[in-house]
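Chemist: sequence below, structure please.
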Amino acid sequence: MTNRQVRLAARPTGLPDASTWEYVDAEIPSAGPGEFVVKVEYLSLDPAMRGWLNDVKSYVPPVKLGSVMRAHGVGRITESQHPDYQVGDIVAGSFGASEYGVSDGTDVTRVDESIAPLPTWLGALGFPGVTAYFGLLDVGKLKDGDTVVVSGAAGAVGSLVGQIAKLHGCKVIGIAGGPEKCAWLTEDLGFDVAIDYKNESVYKALKSNAPDGIDVYFDNVGGEILDAALSRLRLGARVVICGAIAGYNATEPQPGPAHYLSLLVNRATMAGFVVFDYLDRYAEAQEQIGKWIKSGELTAREHVVDGGIDAFGDSLNLLFAGANTGKLVLKVS
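Modeler: Numbering: from 1, shown residues only. Alright, predicted model coming up:
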């Protein structure tokens, strides 16, 4: 038996392609004192991964050339020399894009399959859920009755942001690409309005559906959609910058928003954050989201690619084509 891995072979310009990755067979790791080995069953595929490939300063160091690609996964422990983890335990953590990973338990979460299946622990009960929860409630300072707009609304984070806002009595407008995604938002998730950015003017749709302005804009895409939202802010609005997937594969510097002075006029705030800011409160979000899932108040959806580790590169690019609905997950074993 071997340990199939995905390593960074070259830093991409634009969209990652076959030359970006090297697929290798390595030895299955052994657990040292205080460590355990995990057989990874599912890997999380996230837009942030694209930023980790660039050799630039960011909130985490770039992935080094020749090293295993950084990735969050969930799986079962096959060997343990850790006093708190036993063989057979199910855990989620940053084990890398690999069939097997080794950990000392740092930032590892125990997984309870009775609450939700394993892929959900990489989505609503994983980093996307924590991101949506704290990004909306803490950074966005959500208030009951707010008008909330979220871009990338059919993605892992956006779909949860909208549902959490609805649970707080807000009017929710989601921006997504294509009629199928928009129908899912309104018919299945309870969004009040869905704007199809591929087939209508976002600016005109926001003006029509939020005539009194936007209280919270949760941004996952950046670019022209961010600019349209800025032009419709209400007095005291909060803009939450979570991601900017529209420009992640750009080969030229992206222009800043033209309507940024709306922040001044409306005494609004725009703040960025990353989920790692809330690691010490992870359990708080996980507990509440788990309750919402159990009660049926929140829907968790995963787009699972059953392709094995060798499908990593092609599966990751589904994010940048907008081909996923809900959380994108790769089934490894």
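Chemist: where do the helices sit along the stretch 1-150 of the chain?
Modeler: 48-52, 127-134 (DSSP state H, counting those that start in this stretch).
Chemist: most packed of these?
Modeler: Across the helices of the stretch 1-150 of the chain, averaging neighbours per residue (mean count of other CB atoms under 10 Å) puts helix 127-134 on top, at a mean of 26. Backbone N, C-alpha and C define where each C-beta goes, glycine included.
Chemist: can you pull the contacts of Ala124?
Modeler: 116, 160, 289, 293, 298, 300, 327 (CB atoms under 8 Å, 6 or more residues apart in numbering).
Chemist: same check, this time on Asp104
Modeler: 34-35, 82.
Chemist: can I get those residues in CSV with neighbour count?
Modeler: Formatted as CSV, the contacts of Asp104 follow (neighbours: other CB atoms under 10 Å):
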residue, neighbour count
Gly34, 14
Glu35, 17
His82, 19
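Chemist: can those residues go into a markdown table with extra columns for pLDDT and distance to Asp25?
Modeler: Below are the contacts of Asp104 laid out as a markdown table (pLDDT from 0 to 100; distance: CB to CB, whole Å):
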| residue | pLDDT | distance to Asp25 |
| --- | --- | --- |
| Gly34 | 97 | 27 |
| Glu35 | 98 | 22 |
| His82 | 98 | 26 |
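Chemist: ok, these vs Gly129, which is closest?
Modeler: Nearest to Gly129 among the contacts of Asp104, counting by CB to CB, is His82 at 25.8 Å.
Chemist: surely that closest one touches Phe36?
Modeler: Yes: using CB atoms under 8 Å, His82 is in contact with Phe36, at 4.7 Å.
Chemist: shared neighbours, these two?
Modeler: Common neighbours of His82 and Phe36 (CB under 8 Å, 6+ apart) are Gly105.
Chemist: related to what we said a few turns ago, which of the contacts of Ala124 fall in helices?
Modeler: 160, 289, 293 (DSSP state H).
Chemist: gap between the closest residue to the second one other than its chain neighbours and Lys141?
Modeler: Think Ile289. Once flanking residues are discounted, Ile289 sits nearest to Gly129: 4.8 Å by CB to CB, 6 or more residues apart in numbering. Distance, Gly129 to Lys141, by CB to CB, to the nearest Å: 19 Å.
Chemist: sorry, back to before: for Ile309, state which of the contacts of Asp104 is nearest.
Modeler: Ranked by distance to Ile309 (CB to CB), these are led by Glu35 at 21.7 Å.
Chemist: wait, that closest one touches His82, no?
Modeler: Yes: between Glu35 and His82 there is a contact under CB under 8 Å: 6.1 Å.
Chemist: got the domain boundaries for the protein?
Modeler: 3-123+301-331, 127-276 (automatic domain parsing).
Chemist: reformat the ones you listed as a markdown table; add distance to Glu284.
Modeler: Formatted as a markdown table, those follow (distance: least, CB to CB, whole Å):
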| stretch | distance to Glu284 |
| --- | --- |
| domain 3-123+301-331 | 13 |
| domain 127-276 | 8 |
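Chemist: right, so those domains: which one is the most enclosed?
Modeler: Most buried of these, by mean neighbour count (mean count of other CB under 10 Å): domain 127-276, with a mean of 20.
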